[in-house]
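# Quick check, what structure comes out for this input:
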Amino acid sequence: MNTWPVIREYKEYLRIEKGLADHSREAYLSDLDRYQTWMISFHQVSNPVTITTEWLRDYLIYLAEDCFLGPRSRARALSAIRSFHRFLILENLTDQDPSELVDSPRLSRKLPVVLTVEEIDRLLGVIDLSEPAGIRNRAMLETLYGSGLRVSELVALPISALYLDDEFVRVFGKGSKERLVPLGSSSIKYIRQYLEFVRPHQTIQKGEEDMLFLNQKGKRLSRVFVFTLIKDLCTKAGIQTVISPHTFRHSFATHLVEGGADLKAVQEMLGHASITTTEIYTHLDRDYLKEVHATFHPRK
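Numbering: from 1, shown residues only. Prediction:
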C-alpha cells in the first residue's frame, strides 16, 4: 500500500519538536497508520489534505462499530489525528483541519445494536414496490442484510461482482481484500427485478456503467443517501431504535450466530481480519439467551 510521504516528516516532528516518549510516539503512529489505511482503502486518499470532516466522522463510526473500540481508544485515535492535521497546517500544506468540528467520543455501547428478524421484516415491508426507486431500495437493503455488507461496500458494488446463478457476490473490503459472500434468495429476487425492470430505463453517467445501484441521475449512490433512507423507513415502520446501515451488518452476524452458524464462517463472510472481532457476536448471543431465559423460564 502506498503511504503518505508527509508522515516521515511528522514522525520527526513528534520525536524532535514534540519530544514524545517512545511509547507515546508509537501509539500515535499506530493510530495514524490505521487512519491512513482506511482513508486510502475507502477514499483513495493520496494526499491527506483532501480528507473531509464527513470522511473523518465515518472513520470514527468505523472504529466504534467495526473495530468495537471503546470511547477512550477512539478519543486517543482522534487525538493522534488532530495532531497530524494540525501539523499539516503548521507546515503550510493546508489551511483546513477536518478534525476541528469533530467532537471527542463521550459514551459508548459495549455491544452493537441489532434489529430482530421481525423488525427487519417490518422495515423492508414498508418500501413502496410500485415505484422504481422502491425496487432498487428493497434490493439494496436485502443485500445489506442478506450478505452483511458494509455500506461503503454496498454503494460501490459493481454488476460484474454478482454471480446470481451461483448465489454469490464478490466483495472488495478493507485494504481491497476480496471475499466471496453468499447471496440470499430474497436478495437475488429483488436484484433481478431491479436489473430487469428498473436499471435498463435509466440514463447512466459515463464511468458508472458497471455500478449496480444508481440514483435518478445515473450515478452511484452515496452513503448519506443510505443512512437517510433507513432513517425514513424506520419512521414509517414505527421502529424506535436509532440505527444505521451498519446495524444491518450487526443483525446479519447476530442472527447467524443465534442460528448456530460457525464463528469462523461468520468471520469469513464479514471479512474480519481477526476472529477476535467476530467474537463480539457470541456475547450478543449469550445476552439473547439470558433474556429468553429471564422472560420465559418459570424460575426466573
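# Only C-alpha atoms from now on, for both contacts and neighbour counts.
Noted.
# Let's test this: mean pLDDT of the longest helix belonging to the chain, rounded?
Scanning the chain for the helix with the most residues, using DSSP state H, yields helix 22-43. Averaged over helix 22-43, pLDDT sits at 90.
# Export only the CA atoms of it, formatted as CSV.
Below are the C-alpha coordinates for helix 22-43, written out as CSV (Å, rounded to 0.1, in the frame of the first residue of the first chain):
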residue,chain,number,x,y,z
ASP,A,22,8.9,6.3,22.6
HIS,A,23,5.7,4.6,23.9
SER,A,24,3.5,7.7,23.2
ARG,A,25,5.0,8.2,19.8
GLU,A,26,4.4,4.6,18.8
ALA,A,27,0.8,4.8,20.0
TYR,A,28,0.3,8.0,17.9
LEU,A,29,1.9,6.4,14.8
SER,A,30,-0.1,3.2,15.2
ASP,A,31,-3.4,5.2,15.3
LEU,A,32,-2.2,7.2,12.3
ASP,A,33,-1.3,4.1,10.4
ARG,A,34,-4.8,2.7,10.8
TYR,A,35,-6.3,6.1,9.8
GLN,A,36,-4.1,6.2,6.7
THR,A,37,-5.0,2.6,5.7
TRP,A,38,-8.7,3.3,6.0
MET,A,39,-8.6,6.6,4.1
ILE,A,40,-6.6,5.0,1.2
SER,A,41,-8.8,1.9,1.1
PHE,A,42,-12.2,3.6,1.1
HIS,A,43,-11.5,7.0,-0.4
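# Any regions of the protein where pLDDT drops low?
Residue ranges of the chain with pLDDT under 70: 1-2, 106-110, 175-176, 284-293, 296-297, 299-300.
# Map the structural domains onto the sequence of it.
6-90, 117-296 (automatic domain parsing).
# Of those domains, which is nearest Ser99?
Closest approach to Ser99 among those is made by domain 6-90 (5.8 Å; C-alpha to C-alpha).
# quick revisit: what helices or strands is the longest helix of the chain leaning on?
helix 53-65, helix 71-90 (3 or more C-alpha pairs under 8 Å, 6 or more residues apart in numbering; DSSP states H and E).
# Quick one: distance of it to the chain centre.
18 Å (C-alpha atoms, centre = their mean, to the nearest Å).
# Buried residues in that helix, which are they?
Across helix 22-43, burial judged by 16 or more other C-alpha atoms under 10 Å covers 25, 28-29, 31-32, 35-42.
# And for stretch 269-282?
Here stretch 269-282 shows Met269, Leu270, Gly271, His272, Thr278, Ile280, Tyr281 as buried, counting by 16+ other C-alpha under 10 Å.
# could you measure the third one against Ser152, distance?
Spelled out, that is Gly271. 13 Å (C-alpha to C-alpha, to the nearest Å).
# Could you list every helix and strand in contact with the helix or strand harbouring Ile230?
Using DSSP states H and E, the element containing Ile230 is helix 223-237. Helices and strands touching helix 223-237, as assessed by 3+ C-alpha pairs under 8 Å, 6+ apart, comprise helix 117-125, helix 151-155, helix 245-258.
# In it, which residues are buried?
Arg223, Val226, Leu229, Ile230, Lys231, Leu233, Cys234, Ala237.
# Hmm, the fourth one is touching Ser244, no?
In this case it means Ile230. Yes - between Ile230 and Ser244 there is a contact under C-alpha atoms under 8 Å: 7.0 Å.
# In the protein, which residue is most central in space?
The residue lying closest to the centre of the chain (C-alpha atoms, centre = their mean) is Arg150, at 3.8 Å.
# what sits against it?
By C-alpha atoms under 8 Å, 6 or more residues apart in numbering, the residues touching Arg150 are Leu144, Pro245, His246, Arg249.
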